[in-house]
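J.: Let's see this in three dimensions:
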Amino acid sequence: MSVMQFITAEEHLAKLEITMQHAIDFIDANIDQPGLIYSTARGFGVTINMLSEITDFTVSDIDKYFASNGHDSIKLNYTSILINSDLGALETLVNFNTNSGVLSNTALSDAVGPLLNEPLTLGFTFKPTYNFQPNDGIYDAEELGVGHLNNVPATDESIESLFYGTLINMFEALDQAELNQINVFSNDGSSEDFQALVLGALSESPSPAIWTDEQLAELVADEAVDIINKFWTNDLVGVLDHSFLGLATV
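T.: Numbering: from 1, shown residues only. Model (predicted):
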């Protein structure tokens, strides 16, 4: 998974009130305990690239170090609340929901909740990935996973609005023919063909409005149910990781 890093290791550690030297000393003291280093890094949202900055070892070396001890280092990169892949130009689809009526956040959540495998999970879906993320009252680009959003109020309502707003933008970028093609691959969402198809469809100029608000609300609700059910049964931690956007850029 290609992940964009928006801040340095030093900036990230500062959120935790940890200096670079403290991190170096901890790693040096526990270099023979890769499991401890791995679990500590994962617990504090320290990515592979950040570990490379801290230690001066290459990403490849760090990956081999953890892999030789049975740890999947790529999971260290799953730290962002919204999405954990590099969206590139598709980032602009990630934005707040400003719609009303059947496309409002309240209406969509009311439609989604009863359809979930575990309806109570809806209330926990839009929370931060790590406890320290909302401490300063805002979510920055690193915490969200997209570079064009910063200083977003650190509330569940913000993430809910970004979640539904992005799904609405995503479907508005697709026409019926493109959506039909994507749905053909619905049982094999990890295939390269699927990724290429979705990436191409979403990268084209926006389609003329073809969905009514009611149709769009149904599409968004169905997709949201699928995403949230997967969110609670998978290792990916971003609420949009299992969306078409996430699967196209994984």
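J.: tell me the SS of the residue lying closest to N117 once chain neighbours are set aside?
T.: Take N117 and drop its neighbours on the chain: the residue closest to it by Cβ to Cβ, 6 or more residues apart in numbering is N229, 5.0 Å away. Where you see a C-beta, it was placed from the backbone N, CA and C, and this is true even at glycine. Following DSSP: H, G, I helix; E, B strand; the rest coil, the label given to N229 is helix.
J.: residues near N229, how many?
T.: Residues lying near N229 (other Cβ atoms under 10 Å) number 16.
J.: Mind jotting down where the helices sit in the protein?
T.: Taking DSSP state H as the criterion, the chain contains helices spanning 9-15, 20-29, 34-43, 48-55, 59-67, 105-112, 122-125, 141-144, 156-172, 176-184, 192-203, 213-231, 244-248.
J.: S80 is nearest to which of these?
T.: When the helices of the chain are compared by Cβ to Cβ, helix 141-144 sits nearest S80, at 6.1 Å.
J.: Do I have it right that S73 meets I62?
T.: Yes: using Cβ atoms under 8 Å, S73 is in contact with I62, at 6.4 Å.
J.: any shared contact partners between the two?
T.: Residues within reach of S73 and of I62 at once, by Cβ atoms under 8 Å, 6 or more residues apart in numbering, are I48.
J.: What does the pLDDT read for the closest residue to T125 other than its chain neighbours?
T.: Leaving aside its chain neighbours, T125 sits nearest to I228 (5.4 Å; criterion: Cβ to Cβ, 6+ apart). Each residue has a pLDDT score; the one for I228 is 96.
J.: how much space between I228 and D28?
T.: Taking Cβ to Cβ, to the nearest Å as the measure, I228 falls 42 Å from D28.
J.: Of the two, give the one with the bigger neighbour count.
T.: Between I228 and D28, counted using other Cβ under 10 Å, I228 has the larger neighbour count: 23 against 9.
J.: Report the contact partners of that one.
T.: V112, L116, T121, L122, T125, V239.
J.: Would you check that the last one makes contact with S161?
T.: No: the pair V239 and S161 does not pass the contact test of Cβ under 8 Å, sitting 11.6 Å apart.
J.: show me the contacts for A89.
T.: S203.
J.: Show the pLDDT at it.
T.: pLDDT, A89: 89.
J.: Let me see the contact set for the most centrally placed residue in the chain.
T.: Here the mean C-alpha position of the chain is nearest to the C-alpha of I83 (Cα atoms, centre = their mean), at a distance of 1.6 Å. By Cβ under 8 Å, 6+ apart, the residues touching I83 are V94, G145, V146, G238, V239, L240, D241, S243, L245, G246.
J.: what does stretch 137-149 contact?
T.: Here stretch 137-149 has contacts from 4-7, 12, 79-84, 87, 91-92, 94-95, 128-129, 133, 150-154, 158-159, 162, 238, using Cβ under 8 Å, 6+ apart.
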